[in-house]
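Novice: sequence and predicted model, in that order:
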Amino acid sequence: MQAKGGLAEATAGTGGGERWTGRPVLGWMLGALALLMPVFVSMVVAWLVGHAYHRRPGWSQALLWWAVVLGMSTLALVAADRLCRRVLPLAALLRMSMVFPDRAPNRLAVARQRRSRSRAHGP
């Protein structure tokens, strides 16, 4: 590694050393996936439940069918959203570019620490 302008730079693309190189495209893709995946899961569950639970004729049966389909898809949306939110700190770290005075920490390890701290401090 060479000193350049008072700061040591790591080899580009290694992810180690003293620098995090920004990966904005990967960060935005991961963030978009975390946003779109719960909606996709909810739509698939609604389709599956709608086809598995056949609607019978009658006003009350139609209302019950809609309640079951919407309830199950909402539960799937909430569950998938909670799981997909776990990758948001990693997406933010991937968009960052930082220089460290010593060895740069692993981004995944930093995201895990952030998650464990937020779980310890609040709901």
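Specialist: Great, that's in hand. Small disclaimer: the values here were computed from a predicted structure and weren't measured. Residues are numbered from 1 along each chain as shown.
Novice: longest helix of this structure?
Specialist: In the chain, with assignment by DSSP state H, the single longest helix is helix 24-52.
Novice: rounded mean pLDDT for stretch 20-31, please.
Specialist: The average pLDDT within stretch 20-31 is 86.
Novice: do stretch 57-73 as well
Specialist: 91.
Novice: and the strands in the protein, which stretches?
Specialist: Per DSSP state E, the chain carries strands over the ranges 3-4, 7-8, 19-20, 98-99.
Novice: lowest average pLDDT across those?
Specialist: Among those, strand 7-8 scores lowest, at a mean of 37.
Novice: okay, buried residues for the longest helix of the chain please.
Specialist: 27, 30-31, 34, 38, 41-42, 45-46, 49-50 (16 or more other Cβ atoms under 10 Å). Where C-beta positions appear, they are placed from N, C-alpha and C, glycine not excepted.
Novice: same question for stretch 56-67.
Specialist: Buried residues in stretch 56-67, counted by 16+ other Cβ under 10 Å: residue 65.
Novice: run through who's touching that stretch.
Specialist: Residues outside stretch 56-67 that contact it (Cβ atoms under 8 Å, 6 or more residues apart in numbering): 50, 53, 55.
Novice: the same query, at a cut-off of 10 Å, please.
Specialist: Defining contact as Cβ atoms under 10 Å, 6 or more residues apart in numbering, one finds that stretch 56-67 is touched by 49-50, 53-55.
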